[in-house]
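**Student:** whatever this is, show me its structure:
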Amino acid sequence: MHPPAGAGRYAPSPSGELHLGNLRTAMLAWLFARTSGRRFLMRIEDLDRARDAGTAGRQLADLAALGLDWDGEPVLQTARGSAHEAAIARLEAAGLVYECTCTRREIAEAPTAPHDPPGAYPGTCRDRGDAERAAARAAILPRRPALRLRAPEVEREQVFDDLLLGRTGGQVDDLVLRRGDGAIAYNLAVVVDDAAMGVDQVVRGDDLAPSTPRQLLLQRLLGLPRPEYAHVPLVLVPSGARLAKRDGAVTLGELAEVGVDAAAVRSLLAESLGLAAPGERVAMDALRGRFDPAALPRKPWVWGAERLG
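**Tutor:** Below is the predicted model of the structure:
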């Protein structure tokens, strides 16, 4: 029997333990994939070594405790370096890459066009000649220049149909492909790795929706397929801020210490999605039969310790 052609995925960064918001998104990614006949894959996005807290093993254990399973072994993004570099080389061969010596402060202080997204690159290094580029490179030693995409002017606006947000999109600037420290940028790695893994469904927090136009453009320029997207609402605290690990007992480990086990957390998250009654204990397999993307809440879930009863 041949495996299904498509796949969904969950791709945490090992920067700390997963909190309730992360676990809720993972549950949704699993449900979207499993109820549509797709495989469900796991990728550890460990490119940013400075933020790697060594928590990948604990994250996978927490996901398993919640009742999620996945197909095959988790993929480490750092093991995919040759594929990332090959993608940059392909873009470079097409004349779509240039060096950038700007600092974050210089970018923040530079004027931008009114329609550009917040933090958009103003194009300072875009049209430098060979001599000017060499002088700029020498001026920042020992720091190395970053590599940026020369986004085609006619393709800077990218739109897509999101399963939850509807038709949406945004403007694309000359995004970073490889940082000056040699680290591959998130947008490039995600696009290359999703295509290589056969991912055709991306379910993630709606805070990442603004990154999607950049990824759409990279997919087009690299000749890679476009997945379907579902950007799900976040978990907030009563102040309206995003839930964070500083907001009390919000990880499986912390909740276990106050007497709330993984099964209870699963039921609480299912209730927040309209998939379980208050206090109902429910398994992930049972949730598959209740899951309807069209009926999912479209607003953020507000978390407070009082929800623990």
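**Student:** just confirm Leu164 is within a strand.
**Tutor:** No - with DSSP: H, G, I helix; E, B strand; the rest coil as the criterion, Leu164 is coil rather than part of a strand.
**Student:** in terms of contact, does it touch Ala295 like I think?
**Tutor:** No - taking contacts as CB atoms under 8 Å, Leu164 lies outside contact range of Ala295: 11.2 Å. C-betas here are computed from N, CA, C, even on glycine.
**Student:** so what touches the lowest-mean-pLDDT helix or strand in the chain?
**Tutor:** Lowest on mean pLDDT, DSSP states H and E among the helices and strands of the chain sits helix 104-109, with a mean of 89. Contacts with helix 104-109, where a contact means CB atoms under 8 Å, 6 or more residues apart in numbering, come from 119, 121-122, 124.
**Student:** could you work out the most separated pair of the residues you listed?
**Tutor:** The most widely separated members of those are Gly119 and Thr124, with 13.8 Å between them, by CB to CB.
**Student:** ok, these two, which is more surrounded?
**Tutor:** More neighbours surround Thr124 than the other of Gly119 and Thr124, with 15 against 11 (other CB atoms under 10 Å).
**Student:** next one: phi and psi at Asp127?
**Tutor:** Dihedral pair for Asp127: phi -110, psi 30, per degrees, to the nearest 10.
**Student:** tally of neighbours for it?
**Tutor:** Going by other CB under 10 Å, the residues that sit close to Asp127 add up to 9.
**Student:** do Arg105 as well
**Tutor:** 8.
**Student:** cool, Ile44 as well?
**Tutor:** Around Ile44 there are 22 residues (other CB under 10 Å).
**Student:** if I read this right, Asp48 contacts Ile184, doesn't it?
**Tutor:** No - the pair Asp48 / Ile184 is not scored as a contact, 9.8 Å apart, by CB under 8 Å.
**Student:** can you map out the strands along the stretch 151-300 of the chain?
**Tutor:** 157-162, 166-171, 176-178, 201-205, 228-232, 235-236 (DSSP state E, counting those that start in this stretch).
**Student:** would you mind finding the longest helix in this structure?
**Tutor:** helix 20-35 (DSSP state H).
**Student:** average pLDDT for the next helix or strand after it, rounded please.
**Tutor:** For helix 20-35, the following helix or strand on the C-terminal side (DSSP states H and E) is strand 39-44. Regarding strand 39-44, the rounded mean pLDDT is 98.
**Student:** let's number from 79 now, not from 1
**Tutor:** With the count now opening at 79, the last piece we talked about shows up as strand 117-122.
**Student:** picking that back up, now do the longest helix of the chain, average pLDDT.
**Tutor:** 98.
**Student:** who touches that helix?
**Tutor:** Residues contacting helix 98-113 (CB under 8 Å, 6+ apart): 85-88, 90, 96, 116-118, 140-141, 144, 146, 279, 281-283, 308, 310, 312-313, 320-321, 328-330, 343-344, 347-348, 350-351, 362, 365-366, 369, 371, 374, 379, 381.
**Student:** any idea how far it is from the middle of the chain?
**Tutor:** 13 Å (CA atoms, centre = their mean, to the nearest Å).
**Student:** give me the angle between that helix and strand 306-310.
**Tutor:** If you take axes from the mean of the first three to the mean of the last three CA atoms, to 10 degrees, helix 98-113 sits at 150 degrees to strand 306-310.
**Student:** how about helix 98-113 as CSV, C-alpha atoms only?
**Tutor:** Taking Å, rounded to 0.1, in the frame of the first residue of the first chain, the C-alpha atoms of helix 98-113 are listed here in CSV:
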residue,chain,number,x,y,z
LEU,A,98,-0.6,25.5,26.1
GLY,A,99,-0.7,27.6,23.0
ASN,A,100,2.0,25.5,21.3
LEU,A,101,0.2,22.3,22.3
ARG,A,102,-3.1,23.6,21.0
THR,A,103,-1.6,24.4,17.6
ALA,A,104,0.0,21.0,17.5
MET,A,105,-3.3,19.3,18.2
LEU,A,106,-4.9,21.3,15.4
ALA,A,107,-2.2,20.4,13.0
TRP,A,108,-2.6,16.7,13.8
LEU,A,109,-6.4,16.9,13.4
PHE,A,110,-6.2,18.7,10.1
ALA,A,111,-3.7,16.1,8.8
ARG,A,112,-5.3,12.9,10.1
THR,A,113,-8.9,13.8,9.2
